[in-house]
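Visitor: Sharing a model that was predicted from the sequence below.
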There are 2 protein chains.
Amino acid sequence: MTRVEVAGGENVLSEEIVGVARDLIAEKGLAALSMRAIAERVGVSAPALYHYFDGKDALVARVVQTAFARFGEYMEHAMRSHPPGSFERVRALGEAYMTFALENLASFRVIFSIQVPHPRDLEDLPGGGGYPLLRRTVIEAMESGAMRPGDPDLASLYLWSMVHGLVTLVLACRVEGCQEGGSGTPSPQDLLRRFQPFLMNGLMVPTDSNEG
Amino acid sequence: MTRVEVAGGENVLSEEIVGVARDLIAEKGLAALSMRAIAERVGVSAPALYHYFDGKDALVARVVQTAFARFGEYMEHAMRSHPPGSFERVRALGEAYMTFALENLASFRVIFSIQVPHPRDLEDLPGGGGYPLLRRTVIEAMESGAMRPGDPDLASLYLWSMVHGLVTLVLACRVEGCQEGGSGTPSPQDLLRRFQPFLMNGLMVPTDSNEG
DNA sequence: GATGTTAGGTTAACGCCGTTCGTTTAACGA
DNA sequence: TCGTTAAACGAACGGCGTTAACCTAACATC
C-alpha cells in the first residue's frame, strides 16, 4: 500500500472515507451507497472501514455531521454580507439555505433525510444545525424594528418552515408544474423572492381588526 | 394454499400485497422493506410478487399512489366542514395536511421521500397530490375577499411550503428543542395555529410603504 | 376428450450487500 | 528479542432483489 502520507496529518484515511462516501451519495444516492463501493474507491478492503467506523450507519452519521458543519459555515458567510438587524440579513439566510440545498444536494438530502428511525437532536449538531444563527438574526431584526416584535423562536421556526418546505417540495416534485399559467418556469430562488411580500405583509387584506 | 376468496373481488392478491407493503413500511420503515418479508406475510414466495409488479420500485410506487389517493380524500373531507371562500377553509386544509402526516406517517414518508431518483409529476398523481384542491380553495378565498388578491399559484405554493416545511422539520428534528424558553413542548398542531398571525399579517411592522 | 395456452405459483440460483471472523503484516516499546 | 498493537487482508455468513426453469390447475379450442 503506497498511500500518500500528508505531513503532520493524522486520521487522514478516515477523513478520506467520509469524503468518498459523500461523493458516492452525491453520484448515486444514499440508497445505492455500499461499504464495498466506498472501500474500492478509497483503495482498501471493505472490512478495513470497520476499523474507523462502527458500521455503515455510523459512517453516514459522520457524513451528516460534516455536511452540517459546511452548511453552517455557508449560512454564516452569506449572512455577513448584509448589515445586522436588517430584514435583508434574514432574507439572505433564506436564500443561502436554498442555494446550499440546490448546490449540495447530497449533503442536504443526507442532512434532512426523513428516513432516519430516530430524530436527531438539533443541539447535538455542529452549530445547532444553523438554528441559533437564524434565531440570533431574527432577534436582531426585531430589536432594530425591521420585524414585528414577538416570540423569536416562533418567528424563526416560521421562516425556517417556509424555506425548508419550498426546498423540499422543489426537490420532491416538479413544482413548476403547479405554475400552470405562470411566466415560464421560475427558479426556486425566484419563487423564494416572490414569497417575500407574503412573508412581510401576510396573505390577508389589511383591516383594523387584523392589525389590532 | 387456502386463501380466502372475496366474492366478486378481482386482483385481490395484488391489493393485499400493496396493503402488506404499506404496513411493513409503517412498522419498520421504507429502508427495511424487503420483498421476502412482504411475501412471507402475504403467504407466498417472493418471486410470486413479480407476477403482479415489475419489481420492488414499482410496488413502492403503487403504495405511494394509493397513499396519495387516501391523502386527497382526507384533505377533501376536512375542507368540507367549513364554508367556501373562508380563510377557515384554507386553515382547515393546512391542519388536515399536518394531521394526516402525523397519523399516517408511513404514507406521508413514502409520498414525500426525497430519496427518489426522479421527481414525480404532480399531474400523474391521483387528485394532483392535493394541489388543485388547495388552489381552488385559495381562489375562492381571494374572490370572497378573505385573502389579498394575487397570483393564486404563488399563494398556494407559499401556504403549501410553510405547512410542508413544518411537518418535515417536526419529523426530521426535535423541533420542540428549538423552543428553549417556550411554554412546555407545543404540539405540531399548536405550532401551526400559532403561525396563523404570521400567515395573515406577515412578519413586518405595518407601514404605509409596506402596504402600498 | 385431447391439446395448447395462460395465470399463478414453486424451488434453485446468481450476484450484491453489511458484517464478522481469523489471520497476517508492520511498527514500536520494554 | 519478544509482546503488543494498529491496520490491513481474504473467506465466509446470512439476507437482499431478481431471474430462470419448472410445475399445476383452469380454460379455450379443435
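Guide: Everything's here; your move. Residues are numbered from 1 along each chain as shown, chains lettered A, B, ... in the order given.

Visitor: tell me what the helix or strand where residue A:171 lies is packed against?
Guide: Residue A:171 is part of helix A:152-172, with elements assigned from DSSP states H and E. On a contact count with 3 or more Cβ pairs under 8 Å, 6 or more residues apart in numbering or on different chains; DSSP states H and E, helix A:152-172 meets helix A:87-103, helix A:105-111, helix A:131-144, helix A:188-201, helix B:152-172, helix B:188-201. C-beta: built from backbone N, CA, C; applies to glycine.

Visitor: Can you flag the weakest of these by average pLDDT?
Guide: Sorting the helices and strands packed on helix A:152-172 by mean pLDDT places helix A:105-111 lowest, at a mean of 75.

Visitor: In chain A, which residue sits nearest DNA strand D?
Guide: Taking Cβ to the nearest atom of the strand, DNA strand D has its nearest neighbour within chain A at residue A:45, 2.9 Å off.

Visitor: Check residue A:50 and give its pLDDT.
Guide: For residue A:50, the model assigns a pLDDT of 96.

Visitor: Residue A:27 now?
Guide: Here, the pLDDT recorded for residue A:27 equals 83.

Visitor: Can you tell me the SS state at residue A:83?
Guide: Three-state call for residue A:83 (DSSP: H, G, I helix; E, B strand; the rest coil): coil.

Visitor: Next, count neighbours for it.
Guide: Residues lying near residue A:83 (other Cβ atoms under 10 Å in any protein chain shown) number 10.

Visitor: Any idea which of the helices and strands packed on helix A:152-172 gets closest to residue B:14?
Guide: Residue B:14 sits nearest to helix B:152-172 of all the helices and strands packed on helix A:152-172, at 29.7 Å, using Cβ to Cβ.

Visitor: Centre of the chain to the closest one, how far?
Guide: 11 Å (Cα atoms, centre = their mean, to the nearest Å).

Visitor: Can you spell out which helices and strands pack onto the longest helix belonging to chain A?
Guide: In chain A, with assignment by DSSP state H, the single longest helix is helix A:56-80. Counting contacts by 3+ Cβ pairs under 8 Å, 6+ apart, helix A:56-80 packs against helix A:12-28, helix A:35-42, helix A:87-103, helix A:105-111, helix A:131-144.

Visitor: rerun at 6 Å
Guide: Packing partners of helix A:56-80 (3 or more Cβ pairs under 6 Å, 6 or more residues apart in numbering or on different chains; DSSP states H and E): helix A:12-28, helix A:87-103, helix A:105-111.

Visitor: Quick check: phi and psi at residue A:44.
Guide: Dihedral angles of residue A:44 (phi, psi; degrees, to the nearest 10) stand at phi -150, psi 160.

Visitor: hang on, I meant residue A:34
Guide: The phi/psi pair for residue A:34 (degrees, to the nearest 10) is phi -130, psi 150.

Visitor: rewinding a little: with residue A:37 as the reference, name the closest of the helices and strands packed on helix A:56-80.
Guide: Nearest of the helices and strands packed on helix A:56-80 (Cβ to Cβ): helix A:12-28, 5.9 Å.

Visitor: Report the buried residues of stretch A:75-85.
Guide: Using 16 or more other Cβ atoms under 10 Å in any protein chain shown as the test for burial, stretch A:75-85 gives A:75, A:78-79, A:82, A:85.

Visitor: Just the terminal-to-terminal distance for that stretch.
Guide: Using Cα to Cα, to the nearest Å, the end-to-end distance of stretch A:75-85 comes out at 16 Å.

Visitor: give me every residue that touches the nearest residue to residue A:143 once chain neighbours are set aside.
Guide: Nearest residue to residue A:143, sequence neighbours excluded (Cβ to Cβ, 6 or more residues apart in numbering or on different chains): residue A:85, at 6.6 Å. Contacts for residue A:85 (Cβ atoms under 6 Å, 6 or more residues apart in numbering or on different chains) come out as A:140-141, A:144.

Visitor: rerun at 10 Å
Guide: A:137, A:139-147 (Cβ atoms under 10 Å, 6 or more residues apart in numbering or on different chains).

Visitor: Kindly give a single ChimeraX line that selects the buried subset of those residues.
Guide: To isolate the buried members of these in ChimeraX, using 16+ other Cβ under 10 Å:
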select /A:137,139,140,141,142,146,147
